[in-house]
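[1] Need coordinates for the below:
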Amino acid sequence: MKTPICAALLAAALGAAPPDPVAWKLEEVPVKAVKPGARFTVKLVARIQEGWHLYSLKPMAEGPIPTRVWLAAGQPFELAGGIKADEPEVIEDPSFNMEVELYEGEAAFVLPVRVAPGAAAGAQNLVVSASYQTCNNKVCLPPKTVKVEVPVTIVK
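    Predicted coordinates:
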């Protein structure tokens, strides 16, 4: 009857890790209505629980999974340039035996956004997606993708 014991140990181990040690939020969203073709910026902020970290946007060969941020397809918004991120902390990671770039506590990503020229008037949802992996000094959680939405009013 080893199976119930293994299942109980696995459940206990999985229960020890928070469901997601990162909370994502969009900030600095336009409060006034925007016109088709207009540009604005939004800030995607990751609040990371103490003891956890996520990796920077920089891909590293044979290294950890980088964070990736993009605008979901099928919406009247598009990226109008490169994403600017906070300066990551650079550390030597013994797990990867290499220097890695990571964020602890909080990370902010500023996205330049342009309203599509033919965007319909009214409240539209701006959807920002992020894929990332969080780790602590003992374990890495599986990579995860989240979508964060916020309404933006478009006027003609």
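[2] use CA for all of it now, contacts and neighbours both
    OK.
[3] and the gap between the most centrally placed residue in the chain and residue 69?
    Centroid-nearest residue in the chain: residue 130, 3.5 Å away (criterion: C-alpha atoms, centre = their mean). Distance of residue 130 to residue 69, computed by C-alpha to C-alpha, to the nearest Å: 4 Å.
[4] circling back to that earlier point, the residue nearest to the centre of the chain against residue 145, yeah?
    Yes - if you go by C-alpha atoms under 8 Å, residue 130 and residue 145 touch, sitting 5.5 Å apart.
[5] show me what contacts residue 125?
    Contacts of residue 125 were listed using C-alpha atoms under 8 Å, 6 or more residues apart in numbering, and they are 75, 149-152.
[6] Can I get the buried part of the residues you listed as one ChimeraX selection?
    Typed into ChimeraX, the next command selects the buried ones out of the contacts of residue 125 (criterion: 16 or more other C-alpha atoms under 10 Å):
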select :152
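[7] Next step: the contacts of residue 125 restricted to strands.
    If you go by DSSP state E, those have 149-152 in strands.
[8] Contacts only, for residue 127.
    Applying C-alpha under 8 Å, 6+ apart to residue 127 gives the contacts 71-72, 75, 147-150.
[9] Report pLDDT for the residue nearest to it when sequence neighbours are not counted.
    Spatial nearest neighbour of residue 127, chain neighbours left out: residue 149 (4.5 Å); criterion: C-alpha to C-alpha, 6 or more residues apart in numbering. Per-residue confidence (pLDDT) for residue 149: 95.
[10] can you check residue 31 too?
    Per-residue confidence (pLDDT) for residue 31: 87.
[11] Assign it to helix, strand or coil.
    coil (DSSP: H, G, I helix; E, B strand; the rest coil).
[12] and the closest residue to it other than its chain neighbours, how far is that from residue 109?
    Nearest non-adjacent residue to residue 31, counting by C-alpha to C-alpha, 6+ apart: residue 152, 7.8 Å away. Using C-alpha to C-alpha, residue 152 is found at 18 Å from residue 109.
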